[in-house]
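A.B. asks: Take a look and give me a structure for this.
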Amino acid sequence: MSEVEFENFYKERLEEKIIFSLAKRKNIDFKTAMSAYYTSFLSRLIEQGSYGIQYLDSELLTDELEKELTKDF
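C.D. replies: Purely as a prediction, here's the structure:
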């Protein structure tokens, strides 16, 4: 597995953990959580690898996503 492939795999797993965590915390279905995540600013930061954010803990990132979603509503 190349470094790029590993990085992509790692990001996908991180996103999955964030989405599942959000669904559990908010008691929402996976599809709704996925939609909320993929339309968030956080998802763009992770995809771009901005500030090394993709290396932070998934629970911490879920906290940040919840804060972002609260601001939007």
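A.B. asks: Name the surrounding residues that touch the longest helix anywhere in the chain.
C.D. replies: Assignment by DSSP state H gives helix 3-26 as the longest helix of the chain. With contacts defined as CB atoms under 8 Å, 6 or more residues apart in numbering, helix 3-26 is touched by 1, 28-30, 32-34, 36-37, 42-43, 46-47, 49, 54, 58-59, 61-62, 65-66. C-beta: built from backbone N, CA, C; applies to glycine.
A.B. asks: Off-centre distance for whichever helix or strand comes after that helix?
C.D. replies: Per DSSP states H and E, helix 3-26 leads on to helix 30-38 as the next helix or strand towards the C-terminus. On the basis of CA atoms, centre = their mean, to the nearest Å, helix 30-38 sits 10 Å off its chain's mean C-alpha point.
A.B. asks: again with stretch 65-73
C.D. replies: For stretch 65-73, the distance to the chain centre is 13 Å (CA atoms, centre = their mean).
A.B. asks: Mind listing residues that contact that stretch?
C.D. replies: So stretch 65-73 is contacted by 18, 22, 25-26, 36-37, 40-42 (CB under 8 Å, 6+ apart).
A.B. asks: Can you select the buried ones from the residues you listed in PyMOL?
C.D. replies: Buried residues within the contacts of stretch 65-73, by 16 or more other CB atoms under 10 Å, are selected in PyMOL with:
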select buried, resi 18+22+36+37+40+42
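A.B. asks: Spit out the contact partners of Thr32.
C.D. replies: Per CB under 8 Å, 6+ apart, neighbours of Thr32: Ala23.
A.B. asks: C-alpha coordinates for the lowest-mean-pLDDT helix or strand in the chain, PDB please?
C.D. replies: Sorting the helices and strands of the chain by mean pLDDT, DSSP states H and E puts helix 58-72 at the bottom, at a mean of 93. Extracted C-alpha coordinates of helix 58-72, given in PDB (Å, rounded to 0.1, in the frame of the first residue of the first chain):
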ATOM      1  CA  SER A  58     -12.500  11.100  16.000                       C
ATOM      2  CA  GLU A  59     -14.400  11.900  19.200                       C
ATOM      3  CA  LEU A  60     -12.800  15.400  19.400                       C
ATOM      4  CA  LEU A  61     -13.600  16.000  15.700                       C
ATOM      5  CA  THR A  62     -17.200  14.900  16.400                       C
ATOM      6  CA  ASP A  63     -17.400  17.500  19.200                       C
ATOM      7  CA  GLU A  64     -16.300  20.100  16.700                       C
ATOM      8  CA  LEU A  65     -18.800  18.900  14.100                       C
ATOM      9  CA  GLU A  66     -21.600  19.200  16.700                       C
ATOM     10  CA  LYS A  67     -20.500  22.800  17.500                       C
ATOM     11  CA  GLU A  68     -20.500  23.600  13.800                       C
ATOM     12  CA  LEU A  69     -24.000  22.100  13.300                       C
ATOM     13  CA  THR A  70     -25.300  24.000  16.300                       C
ATOM     14  CA  LYS A  71     -24.200  27.300  14.700                       C
ATOM     15  CA  ASP A  72     -26.000  26.400  11.500                       C
END
